[in-house]
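Undergrad: Generate coordinates for the sequence data below:
(one chain, ligands or ions: 1)
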Amino acid sequence: MLQRLAVLSRPPAAARCLSSGSVDITIPLNFWAGQRRTSQEGKSNKEKVYEPATGRVLCHLEPCGAMEVDQAVKAAKLAFGPWSRMSGMERSRVLIEAAHIIEARREDLAAMEVVNNGKSITEARLDVDSARLCVEYYAGLASTLAGQHVQLPGGSFAYTRREPLGVCVGIGAWNYPFQIAAWKSAPALACGNSMVFKPSPMTPVTAVLLAEIYAQAGAPEGLFNVVQGGQETGGLLCRHADVAKVSFTGSVPTGQKIMEMVSKGVKPVTLELGGKSPLIIFQDSDLENAVRGALMANFLSQGQVCSNGTRVFVQKEIVPQFVEEVVRRTEAIPIGDPLLDSTRMGALVSRPHLDKVLSFVDQAKKEGATVLCGGEPFVPADPKLRGGYYMTPCVLGDCRDEMSCVKEEIFGPVMSVLSFQTEEEVLQRANNTTMGLAAGVFTRDVRRAHRVVERLEAGSCFINNYNITPVEVPFGGFKMSGIGRENGQVTAEHYTQLKTVFVEMGDVDSLF
Ligand SMILES: NC(=O)c1ccc[n+]([C@@H]2O[C@H](COP(=O)([O-])OP(=O)(O)OC[C@H]3O[C@@H](n4cnc5c(N)ncnc54)[C@H](O)[C@@H]3O)[C@@H](O)[C@H]2O)c1
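TA: Numbers count the residues shown, from 1 in each chain. A predicted model of the protein is given here:
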């Protein structure tokens, strides 16, 4: 029997009892001016949203049209005035309260993320923690925003003010729905902006929970709004005259379109795009840690992670030991019901995406790669999960640089292992890509580690670890992987503009 779920009113303890296939969401998923809203435009244009674990319909998305987008932007504009005039400390209090609510609701937020996205509950809890830490971090940063004082001749001086931009738009991908909404909104709001956020149409469920949490924490009506929809809705937001900035997370082709649209208004963008990152494992590595790192670099979130190190370059001498251990552990990954604590790999986000990932494996075979394990559709024993989008995690051996599995972002649980001989050679090959999101190196030689990361063309480099994203440090890409950064102090610069004020203490020295 289906449970009719009023998402917000469900207490955390009850959320722990959720089971895959039991959730049916009927309440509206848009939120602006302080409450959930239906979309008039979307009523005639509903889209099905699926539960990846079971393949059943979870809810219907009502995409927002021009009228709804305009209403959300208007609400955000109204909230911007008072919010931007508050002191950093005052804004901080609201964000700290929001972080407390996220912490208290960790279980039900994580469970809803699993139901909508398909990732394991263990990972979803960590995503909720990352969202909470991000809100907490920027709550702390809000009161530190400050300008500079510059002395000028004759006692005159100038000072700078770091001012918010206005209504910011956030557009998210489907792989970290709640976390992306928090990573974008926390710095934006801390700096005094308001936001209209559009989640991916495949994962519309949890961003609206964040909107309710901000409201409950005391945010003014309209401070953080959610409009649902796909590319049309996204385009309306990017072209809206009252929007001051767009921060986007998604694929390179969409990022290019967004940049083009936003450039018409000469507005700033943050682009967090795709990757095809290298992970380099030297023969002197601690093999146990290198194997753990390679698994973390490839199989989190069913491999659907932008920063994944999917090109695993292993020094020739240790390829056999490395491959044996990686395959042994990959085959042992428990796949299945993502709501179970024992599961480590849940379902991919959709049927078409699963098919696409499997077709990459087929193509790799045709191009001469060896499937060392996995790469097959997986059907769990539990009858209610039979329609879910599962596959066995895959390790590909005998890969060469020109193969499509090595060149293209697969965005699924597929690791390509490549052999290399020298440091110089592997650096050339690692950098031979248009992307530059992340890179990793495993070695016991500290000098080599730093020498190598200095030459790696990537925004986030890991030495002897992979895919950790503490919110205190900036995250973002080189080359076609993006523009701007999320997290860390630097992101305050991406959500503010600098005003310089000249103050004359003497007479005007006029030339006329
Ligand atoms: N760098 C990062 O931080 C990061 C994080 C997560 C995902 N990603 C990347 O995201 C991609 C997967 O996510 P996806 O499939 O949701 O990406 P996508 O580009 O298809 O969609 C992302 C978002 O953009 C919206 N959109 C699509 N077309 C648009 C348009 N013309 N105008 C405005 N909005 C539009 C979508 O509705 C969605 O909300 C991968 O390439 C992955 O590497 C990057």
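
Undergrad: quick one: pLDDT of the closest residue to Ile102 other than its chain neighbours?
TA: Distances taken as C-beta to C-beta, 6 or more residues apart in numbering place Arg132 nearest to Ile102, at 4.1 Å, with adjacent residues excluded. No exception for glycine: its C-beta is placed from N, CA and C like everyone else's. Listed pLDDT for Arg132 reads 98.

Undergrad: what does the one 10 residues further on give?
TA: At Ala142, the predicted lDDT confidence score is 98.

Undergrad: Run through the residues that contact it.
TA: Contact partners of Ala142, counting by C-beta atoms under 8 Å, 6 or more residues apart in numbering, are Gly88, Met89, Arg91, Ser92, Leu95, Ala190, Cys191.

Undergrad: What separation is there between the last one and Val471?
TA: Same thing as Cys191. Going from Cys191 to Val471 by C-beta to C-beta, to the nearest Å gives 15 Å.

Undergrad: do the third one as well
TA: From Arg91 over to Val471 the distance is 17 Å, taken as C-beta to C-beta.

Undergrad: Remind me which helix or strand the closest residue to Gly155 other than its chain neighbours belongs to.
TA: Among residues not flanking Gly155 along the chain, Met505 sits closest, at 4.2 Å (C-beta to C-beta, 6+ apart). Met505 belongs to no helix or strand when elements are defined using DSSP states H and E.

Undergrad: residues in contact with the host helix or strand of Phe80?
TA: If you go by DSSP H and E, Phe80 is part of helix 66-85. With contacts defined as C-beta under 8 Å, 6+ apart, helix 66-85 is touched by 30, 32-34, 37, 39-42, 64, 91, 163-164, 166-167, 189, 192-196, 219-223, 225-227, 233, 236-237, 240, 242-243.

Undergrad: what residue ranges in the stretch 101-250 of the chain score low on pLDDT?
TA: Applying pLDDT under 70 to the stretch 101-250 of the chain picks out no residues at all.

Undergrad: where along it do the helices fall?
TA: Along the stretch 101-250 of the chain, counting by DSSP state H, counting those that start in this stretch, helices occupy 106-117, 121-142, 177-190, 207-216, 231-239.

Undergrad: nearest to the ligand, of the ones you listed?
TA: Of all the helices of the stretch 101-250 of the chain, helix 231-239 sits nearest to the ligand, with 2.2 Å by C-beta to the nearest ligand atom.

Undergrad: which residues are in contact with the closest one?
TA: Residues outside helix 231-239 that contact it (C-beta under 8 Å, 6+ apart): 63-66, 69, 73, 169, 171, 196, 198, 227, 243, 246, 254, 258, 261-262, 264-265.

Undergrad: Could you pick out the buried ones from those residues?
TA: Neighbour counting over the contacts of helix 231-239 (16 or more other C-beta atoms under 10 Å) leaves 63-65, 69, 73, 169, 171, 196, 198, 227, 243, 246, 254, 258, 261-262 as the buried ones.

Undergrad: Restricted to strands, list those residues.
TA: Taking DSSP state E as the definition of strands, the buried ones among the contacts of helix 231-239 contribute Val169, Ile171, Val196, Lys198, Val243, Val246.

Undergrad: near the ligand too, which of the buried ones among the contacts of helix 231-239?
TA: Among these, the ones lying near the ligand by C-beta under 6 Å from any ligand atom are Ile171, Lys198, Thr254, Ile258.

Undergrad: any idea which of those is closest to the ligand?
TA: For those, the minimum distance to the ligand (C-beta to the nearest ligand atom) is 3.1 Å, reached by Thr254.

Undergrad: the domain parsing of this structure - what is it?
TA: Domain assignment of the chain by automatic domain parsing yields the ranges 2-146+159-273, 278-471.

Undergrad: out of the ones you listed, nearest to Ile483?
TA: Closest of these to Ile483 is domain 2-146+159-273, at 4.6 Å (criterion: C-beta to C-beta).

Undergrad: burial of Gln421, as a residue count?
TA: Per other C-beta atoms under 10 Å, the neighbour tally for Gln421 reads 10.

Undergrad: just Pro82 next, same as before
TA: Neighbours around Pro82, by other C-beta under 10 Å: 11.

Undergrad: cool, the one 5 residues further on as well?
TA: In terms of burial, Ser87 registers 12 neighbours under the definition other C-beta under 10 Å.

Undergrad: Give me the residue at the spatial middle of the protein.
TA: Ile180 (4.3 Å; C-alpha atoms, centre = their mean).

Undergrad: List the contacts of the host helix or strand of Asp355.
TA: Asp355 is part of helix 351-366, with elements assigned from DSSP H and E. The contact list for helix 351-366, computed with C-beta under 8 Å, 6+ apart, reads 50, 55, 303-304, 348, 371, 375-377, 389-391, 394, 396, 399, 403-405, 408, 410-414, 416.

Undergrad: now do stretch 329-342
TA: With contacts defined as C-beta under 8 Å, 6+ apart, stretch 329-342 is touched by 18-20, 52-53, 111, 114-115, 118-122, 124, 291, 295, 299, 343-347, 373-374, 378, 380, 382, 385, 390, 392-395, 415.

Undergrad: I'd like to know which of those residues are buried.
TA: By 16+ other C-beta under 10 Å, those give 18, 20, 52-53, 111, 114-115, 118-122, 124, 291, 295, 299, 343-347, 373-374, 378, 380, 385, 390, 392-395, 415 as buried.

Undergrad: same for the ligand: which of these are within range?
TA: By C-beta under 6 Å from any ligand atom, no member of these lies near the ligand.

Undergrad: quick one: low-confidence ranges for the protein?
TA: Within the chain, the segments meeting pLDDT under 70 span 1-17.

Undergrad: for the ligand, what are the nearby residues on it?
TA: Within the chain, the residues that sit near the ligand (C-beta under 6 Å from any ligand atom) are 171-175, 198, 200-201, 230-231, 234-235, 238, 249-251, 254, 257-258, 272-275, 306, 409, 411, 437, 477, 482.

Undergrad: Just the closest residue of the stretch 301-450 of the chain to the ligand, please.
TA: Closest point on the stretch 301-450 of the chain to the ligand, by C-beta to the nearest ligand atom, is Cys306, at 3.1 Å.

Undergrad: No more questions from me, cheers.
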